[in-house]
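1. the sequence and its predicted three-dimensional model are supplied below.
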Amino acid sequence: LNLDMGWRHRLVAEVVGSNGELFTKSNEDVKLLDLATGTADVAILLGKAAAKYSSSSATTTINSAVLGLDPSQNMLNVGKTKVQESDLTNIVTLELG
């Protein structure tokens, strides 16, 4: 049903800003932490936003990063597959913790 994706999209929109202000108004690299990332849905949405708004800035290098931590290796394994399928391995890192 993906009913939970609604609040996740809203969360990311609130964090990032309607025009990507989190990434576009900072002169420094943006580092984000997703605690209890599970299968990395929020981390992936944040990574997609980082890719979108960082690539629209003057530089083409994306220096923003999202770290997802979770105590379940099984959840992280699913998340790592999703990160790879989303082509975000250069932005999103998942670790056991």
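-> Sure, I can see it.
2. packing partners for the helix or strand of the chain with the lowest mean pLDDT?
-> The weakest-scoring helix or strand in the chain, judged by mean pLDDT, DSSP states H and E, is helix 21-24 (a mean of 88). Secondary-structure packing of helix 21-24 (3 or more C-beta pairs under 8 Å, 6 or more residues apart in numbering; DSSP states H and E): helix 5-16, helix 41-55. In this view, the C-beta of every residue, glycine as well, is placed from N, C-alpha and C.
3. buried residues in stretch 76-83?
-> 76, 79-80, 82-83 (16 or more other C-beta atoms under 10 Å).
4. let me see the contact set for residue 7.
-> Contact analysis of residue 7 by C-beta atoms under 8 Å, 6 or more residues apart in numbering lists nothing.
5. for residue 45, see how far away it is.
-> 11 Å (C-beta to C-beta, to the nearest Å).
6. do the same with residue 75
-> Separation of residue 75 from residue 45 (C-beta to C-beta): 16 Å.
7. these two: who's more crowded?
-> Between residue 75 and residue 45, counting by other C-beta atoms under 10 Å, residue 45 is the more crowded of the two (22 against 18).
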